[in-house]
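Novice: Using only what follows, build the 3D model:
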Amino acid sequence: MITVQRMHVDHVQQLSEIDRSEYIEFIYIMKNGHLERVDQNHECPNWDSDLLAELQQRYVDELKQGGVAVGAYDGERLVGFGVLSSKRRGVEQNRVQVDLMYVTRHYRKQGIGTRIMDQLAQEAKAWGAKYLYISSTETQSAVSFYQKNGGSITTDVDPELFEKEPMDIHMIKEL
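Specialist: Numbers count the residues shown, from 1 in each chain. Next up, the predicted model:
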């Protein structure tokens, strides 16, 4: 049975339990305000030690700055997690970012990511946010996941996030 619960800074080592690998058939790029499909056909590997260390540091930094992490567990094993950044975004400062979101490869398409997103949305609402801001990796699986969970393409792209990840697909989800 999968349980979803808050995570804390001291859970950082559990992030290594996530297998982020996936076969990427195609990605999306934004062209003239629309998604355009670009074939890829390659395997994306799990994190190497450097990428894992970077992810863990980002997790710790977000939580220490007031962000929230939610984890999905199969028994004691972490099989998915999401992090909500505490930084307000948008002209009206009414958006908060889903900063990290991963579900282990063999646990995908079971509703786990949706449960994590729902919990993050509840947290954002409690903070008074009106939208989740999503800077999604351009993979078909990620973009489709966020769209199925209420995300829609935005033309009001956050400049800081765009500068960090110019290939990402930027979306918002109304709360």
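
Novice: can you tell me how far the residue of the chain positioned farthest from its centre sits from D99?
Specialist: Largest separation from the mean C-alpha position in the chain: N32, at 24.5 Å (CA atoms, centre = their mean). Distance from N32 to D99, counting by CB to CB, to the nearest Å: 28 Å. C-beta coordinates here come from the backbone N, C-alpha and C atoms, glycine included.

Novice: Same question for F162.
Specialist: For F162, the distance to D99 - CB to CB - is 15 Å.

Novice: more neighbours, the two?
Specialist: More neighbours surround D99 than the other of F162 and D99, with 23 against 13 (other CB atoms under 10 Å).

Novice: Now the terminal residues of stretch 152-171, how far apart.
Specialist: Its start and end residues considered, stretch 152-171 measures 5 Å (CA to CA, to the nearest Å).

Novice: Run through who's touching that stretch.
Specialist: The contact list for stretch 152-171, computed with CB atoms under 8 Å, 6 or more residues apart in numbering, reads 28-30, 33, 35, 89-91, 95, 97, 133-138, 142-143, 146-147, 151, 172-173.

Novice: Just those residues: which are in helices?
Specialist: When DSSP state H defines the helices, the subset of the contacts of stretch 152-171 inside them is 142-143, 146-147.

Novice: Specify the local secondary structure of the residue most central in space within the chain.
Specialist: The chain has M101 as the residue nearest its centroid, 2.9 Å off, counting by CA atoms, centre = their mean. Using DSSP: H, G, I helix; E, B strand; the rest coil, the structure places M101 in strand.

Novice: contacting residues around it?
Specialist: Neighbours of M101 in contact, by CB under 8 Å, 6+ apart: 81-83, 113, 116-117.

Novice: list the contacts for A72?
Specialist: By CB under 8 Å, 6+ apart, the contact set of A72 is 2-4, 78-81, 103, 107, 112, 115-116.

Novice: please redo it, this time with the cut-off set to 10 Å
Specialist: By CB atoms under 10 Å, 6 or more residues apart in numbering, A72 lies in contact with 2-5, 7, 78-82, 102-104, 107, 110-113, 115-116, 119.

Novice: strands paired with whatever helix or strand it lives in, and their directions?
Specialist: Using DSSP states H and E, A72 maps to strand 68-74. Looking at strand 68-74 with DSSP bridges, its partner strands are strand 2-7 (antiparallel), strand 77-89 (antiparallel).
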